[in-house]
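[1] Can you look at this prediction? I've put the sequence above it.
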Amino acid sequence: MWKRTYAWLDERLGLNELYRNLLDRPEPKGSWWNTLGSASLFLFVLQGVTGIFLTVYYTPSPDHAYDSVQYIMEGVAFGWLIRGIHHWGATLMVIVVFVHLLRVFVTASFKYPRELTWLIGIGLFLATLGMGFTGYLLPWNQRAYWATTVGTQIAGTVPFIGDFILKTLRGGPDLSALTLQRFFSAHIWIIPAVLAGMIGIHLYLIIKHGESHWPKKED
Amino acid sequence: MFDSKELSRREFIKVTTGIIGGVIGLALGLPSISYLIDPALREGGKDAWIPIGKLEDMQVGKPYQFSFTRVQVNGWERTANSFGGYALRKSEEPNDLLILNSRCTHLACTVNWREDASAYLCPCHDAKFSLEGEVLDGPPPRPLDRFAEHRLTEDGTIEIFFKGA
């Protein structure tokens, strides 16, 4: 019964083909260092899921942001768990993505024909940092407020266009409700959309070119 | 599968991954569901017996004013609602009480007992209620609401039953 159902689905969806191409593709001799990209993808999905769950209670307004986070931590069943995973997952994701980047650099996996995979990977790393930067403001506590004050000031020191960048980031000359709202928007819509798109291309390129082999002495 | 002598390395990895993944999935999935439905599992406003005053302070035939506040908690927001009313002893009998809610039945202004008019007057639209809460004049659609349940405690305090929202 199950086999016939599967055969029916496979005929129409091409499941076996998908499985062969995505999960059962030939690989060079593995190393744990080669798993960091998958780990990054897993963390992205985990952050996405826990983040969506957090928006059920979180309110991006100066009047409510702090209280709603306190409520998630103390009032809601398992709120501490969901936010805890999102909090530590964020830190872990920055580390894992960065170590992944280092590994690709050290093994020279960015060379022909994988230059674009590498460049998009750099974009993914920067977007991950952007997620960290925008997400840090959302709890709207003292640390978040002043970290963003300083962070946007640093961006404001760019010659000539610094003031423009600072106002664009803050939504005005000062940190305000507009800043919180646009950081929230960037954190849950803009950067995740960019990330998802780039991940799609990144994965396509990896599947197309396969993984690079570990360099030998002769290389 | 486990009967065969040769459980291949590949099979072992598959089964182990499945089991560990399933355990982690359950450990995160069940709390997530609980997280989502948490507000539905909470009790709303709580019913309570509210003391409104000593029986000995209430004179027969003269409305005794009282007020109290209830706090409603929704998530991280606390809303305090004020309530008030008049207790009227109709006779010396301790339980022969009529307890009116001073919320006008027209547009919810607070009515006041006026001794000179022998009536409850509403400041908003000149509504007028009798000592028993019946409409005498003005726009209200029905008599003043009553706190139906009340009791006398051992130390002589009158308590009314307040139904939580």
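    Cool, got the structure.
[2] wouldn't B:Ile52 be in contact with B:Ala87 here?
    Yes. With contact defined as CB atoms under 8 Å, B:Ile52 reaches B:Ala87; the gap is 6.1 Å. To be clear about C-beta, it is placed using only N, CA and C from the backbone, and glycine gets the same treatment.
[3] Flag every residue of chain A that's near chain B.
    Proximity of chain A to chain B, by CB under 8 Å from any CB of the partner chain, involves residues A:53, A:56-57, A:64, A:67-68, A:70-71, A:75-79, A:81-82, A:85.
[4] Of the residues you listed, which is the most crowded?
    Using other CB atoms under 10 Å in any protein chain shown as the neighbour test, the residues of chain A next to chain B are led by A:Ile82, with 26 neighbours.
[5] pLDDT score for it?
    On the pLDDT scale, A:Ile82 is placed at 97.
[6] Near chain A, which residues of chain B are found?
    Contacts of chain B with chain A, taken as CB under 8 Å from any CB, map to B:Leu28, B:Pro31, B:Ser32, B:Ser34, B:Tyr35, B:Leu36, B:Asp38, B:Leu41, B:Gly75, B:Trp76, B:Glu77.
[7] Name the helix or strand for the first one, please.
    The reference is to B:Leu28. Secondary structure from DSSP states H and E places B:Leu28 in helix B:9-37.
[8] Which positions in the following helix or strand past that helix come out as buried?
    Using DSSP H and E, the next helix or strand after helix B:9-37 towards the C-terminus is strand B:48-54. Neighbour counts over strand B:48-54 (16 or more other CB atoms under 10 Å in any protein chain shown) mark B:Ile50, B:Ile52 as buried.
[9] So which residues make contact with strand B:48-54?
    Applying CB atoms under 8 Å, 6 or more residues apart in numbering or on different chains, the set of residues contacting strand B:48-54 from outside is B:64, B:66, B:68, B:70, B:85, B:87, B:99, B:151, B:153, B:156-162, B:164.
[10] just stretch B:134-145 next, same as before
    B:100-106, B:111, B:119-120, B:122, B:125-130, B:132-133.
[11] start to end distance for that stretch?
    10 Å (CA to CA, to the nearest Å).
[12] What residues sit buried inside that stretch?
    Across stretch B:134-145, burial judged by 16+ other CB under 10 Å covers B:Val135, B:Pro140, B:Leu144.
[13] How about stretch A:122-133?
    For stretch A:122-133, by 16+ other CB under 10 Å, it's A:Gly123, A:Leu124, A:Phe125, A:Ala127, A:Thr128, A:Gly130, A:Met131, A:Phe133.
[14] State the mean pLDDT of that stretch.
    Summarised as a single mean, pLDDT over stretch A:122-133 is 98.
[15] Show me the contact partners of that stretch.
    Stretch A:122-133 has contacts (CB under 8 Å, 6+ apart) with A:40, A:47, A:90, A:93-94, A:97-98, A:101, A:151, A:186-187, A:191-192, A:194-195, A:198-199, A:202.
[16] Can you turn the buried part of those residues into a PyMOL selection?
    With 16+ other CB under 10 Å as the criterion, this PyMOL line picks the buried residues out of those:
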select buried, chain A and resi 40+47+90+93+94+97+101+186+187+191+192+194+195+198+199+202
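[17] most neighbours, which of the residues of chain B next to chain A?
    With neighbours taken as other CB under 10 Å, the top of the residues of chain B next to chain A is B:Tyr35, carrying 22 neighbours.
[18] and that one, how far is that from A:Tyr57?
    Separation of B:Tyr35 from A:Tyr57 (CB to CB, to the nearest Å) stands at 9 Å.
[19] got the CA coordinates for stretch A:100-112 in CSV?
    Coordinates of each C-alpha in stretch A:100-112 appear next as CSV, following Å, rounded to 0.1, in the frame of the first residue of the first chain:
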residue,chain,number,x,y,z
HIS,A,100,32.7,27.6,7.3
LEU,A,101,34.1,30.7,5.5
LEU,A,102,37.6,30.1,7.0
ARG,A,103,37.5,26.4,5.9
VAL,A,104,36.6,27.3,2.3
PHE,A,105,39.5,29.9,2.4
VAL,A,106,42.0,27.5,3.9
THR,A,107,41.2,24.6,1.5
ALA,A,108,41.2,27.1,-1.5
SER,A,109,37.7,25.9,-2.4
PHE,A,110,36.8,29.4,-3.8
LYS,A,111,38.9,28.8,-7.0
TYR,A,112,37.5,28.0,-10.5
